[in-house]
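Asker: take this sequence and fold it.
(one chain, ligands or ions: 2)
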Amino acid sequence: MPAPQTRLDGIVPPDIVRSAYAELVVTDLARSRWFWVDMLGMVVQHEERDALYLRGFDELTHHSLVLRRGDTAAADRLAFRVRSPADLDRAERFFGARGCPVKRFPAGATVGVGESVRVEDPLGFVVEFFHDIDPVERLHQRYDLRRGAEIARLDHFNIVVPDIPAAFAHYESLGFSCSETIEDGEKLYAAWMYRKQTVHDVAFTGGAGPRLHHLGFFAHESAQVLRTCDIFGSLGLEQHIERGPGRHGVSNAFYVYLRDPDGHRLEVYTSDYFTGDPDHPVLRWNVRDPRRRDFWGNAVIESWYKEASPVLGLDATIQPLREANVDESAVRVGADGLGVVTS
Ligand code: 4SX
Ligand code: FE2
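Answerer: Residues are numbered from 1 along each chain as shown. Ligands and ions are numbered 1, 2, ... in the order given. You can find the predicted model right below:
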């Protein structure tokens, strides 16, 4: 795990442990409960009239997803856990020095979470940093309680940004390392970056942004990904399955992408690999490699590139979008559409 380092500007970034939770605004909490709890098998840790606090079976902290009822579906914020309470001060200074709006919240502003710092980052996302969070009961061997996708834990955030190199530089300055990229000779089309010792905590998809592309949730076995698809199929609800199931090129994970009742995208993701060595090398995929996004060469559906959730700013209004300067979906793999690499 890279230690926080003094950067050229002398400001130490917060020591981020991992991607920890997201809060989504949903329009019908009962439908969302059906989707996330009954179908995906997340655990209800806390419930209020207007919000649900959910977690996976392996998680030992209060929640990894908050669903809050609102009039317009959106992503409210992405939260990272930091190593010590002093990292909250580091986050405040780091983002303050970049001219970003910063707000400090007392313990309890989010149920189960201690003091926190929320910023509107240079990419336009509201990002929260916290250290303290309530511990919860171990459920990983309560096989009797498991259902649906049997989600184990949150794995990553995937965000849509118009300028991939700018997002890469920002997260690199925050102490993230890069595991894999999609690029060609000159352009960077996508990148996967981590703090915990897996392929990623955050990845970037090119497009009009800021928007949330998806939340990645870890399941332990490919069988759980397949079973999720079978359950939606059996109920005649296959429209919730957007892409896959398949094997990713990038990350080598087995995956399926689903859309929730508000159109928020999530990925059920399993079996990526260890990245914790200090000299872990970057794996670079050529944008014309047909195996990069699906190892079996299956085409990526257009909606996956184009659709994403709007995000809220610190003022709780939807952030305006900036158009992208590159479009990976427009890169032709082969003129005949058969995946032949052309230049
Ligand atoms: O589509 S990719 O194979 O590039 C991919 C997408 C790899 C890992 C992910 O988590 C993802 O969302
Ligand atoms: Fe993903």
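Asker: tell me the SS of whatever residue of the stretch 51-200 of the chain ends up closest to ligand 2?
Answerer: Residue nearest to ligand 2 within the stretch 51-200 of the chain: Asn158 (4.8 Å; Cβ to the ion). Where you see a C-beta, it was placed from the backbone N, CA and C, and this is true even at glycine. Classification of Asn158 by DSSP: H, G, I helix; E, B strand; the rest coil places it in strand.
Asker: that one touches His213, doesn't it?
Answerer: Yes: counting by Cβ atoms under 8 Å, His213 is a contact partner of Asn158 at 4.1 Å.
Asker: report the contact partners of the residue of the stretch 51-200 of the chain closest to ligand 2.
Answerer: 202-205, 212-216, 267 (Cβ atoms under 8 Å, 6 or more residues apart in numbering).
Asker: one more time with 6 Å, if that's ok
Answerer: 203, 205, 213-214 (Cβ atoms under 6 Å, 6 or more residues apart in numbering).
Asker: ligand 2 contacts on the stretch 51-200 of the chain?
Answerer: Neighbours of ligand 2 within the stretch 51-200 of the chain, by Cβ under 5 Å from the ion: Asn158.
Asker: the stretch 51-200 of the chain: helices as residue ranges?
Answerer: Along the stretch 51-200 of the chain, counting by DSSP state H, counting those that start in this stretch, helices occupy 86-97, 164-173.
Asker: picking up where we left off before, common neighbours of Asn158 and His213, please.
Answerer: Thr205.
Asker: which parts of this protein belong to which domain?
Answerer: Structural domains assigned to the chain are 16-130, 143-337, following automatic domain parsing.
Asker: export those domains as a markdown table, with columns for distance to ligand 1 and mean pLDDT.
Answerer: Compiled in a markdown table, the domains of the chain are given as follows (distance: least, Cβ to the nearest ligand atom, whole Å; pLDDT from 0 to 100):
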| stretch | distance to ligand 1 | mean pLDDT |
| --- | --- | --- |
| domain 16-130 | 12 | 98 |
| domain 143-337 | 3 | 96 |
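Asker: mind putting these into TSV with distance to Gly10?
Answerer: Putting the domains of the chain into TSV (distance: least, Cβ to Cβ, whole Å) gives the following:
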stretch	distance to Gly10
domain 16-130	9
domain 143-337	13
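Asker: out of the contacts of Asn158, which sit inside strands?
Answerer: The strands, defined by DSSP state E, take in 203, 205, 213-214 from the contacts of Asn158.
Asker: tell me who's in contact with Glu128.
Answerer: Applying Cβ under 6 Å, 6+ apart to Glu128 gives the contacts 77, 79, 116, 118.
Asker: out of these, the closest to Ile318 would be?
Answerer: For those, the residue nearest Ile318 by Cβ to Cβ is Arg77; the value is 13.3 Å.
Asker: near the residue lying closest to that closest one once chain neighbours are set aside, how many residues? Count them for me, please.
Answerer: Nearest non-adjacent residue to Arg77, counting by Cβ to Cβ, 6 or more residues apart in numbering: Val126, 4.2 Å away. Counted by other Cβ atoms under 10 Å, the residues lying close to Val126 total 24.
Asker: rewinding a little: can you redo the ones in strands among the contacts of Asn158 as JSON lines with neighbour count?
Answerer: Listed next are these as JSON lines, based on neighbours: other Cβ atoms under 10 Å:
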{"residue": "Ala203", "neighbour count": "24"}
{"residue": "Thr205", "neighbour count": "25"}
{"residue": "His213", "neighbour count": "25"}
{"residue": "His214", "neighbour count": "25"}
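Asker: nearest to ligand 2: which residue in the chain?
Answerer: Gly216 (3.9 Å).
Asker: am I right that that residue is in a strand?
Answerer: Yes: the assignment for Gly216 is a strand, going by three-state DSSP.
Asker: shouldn't it be in contact with Thr270?
Answerer: No: Gly216 lies out of contact with Thr270 (Cβ atoms under 6 Å); the separation is 10.2 Å.
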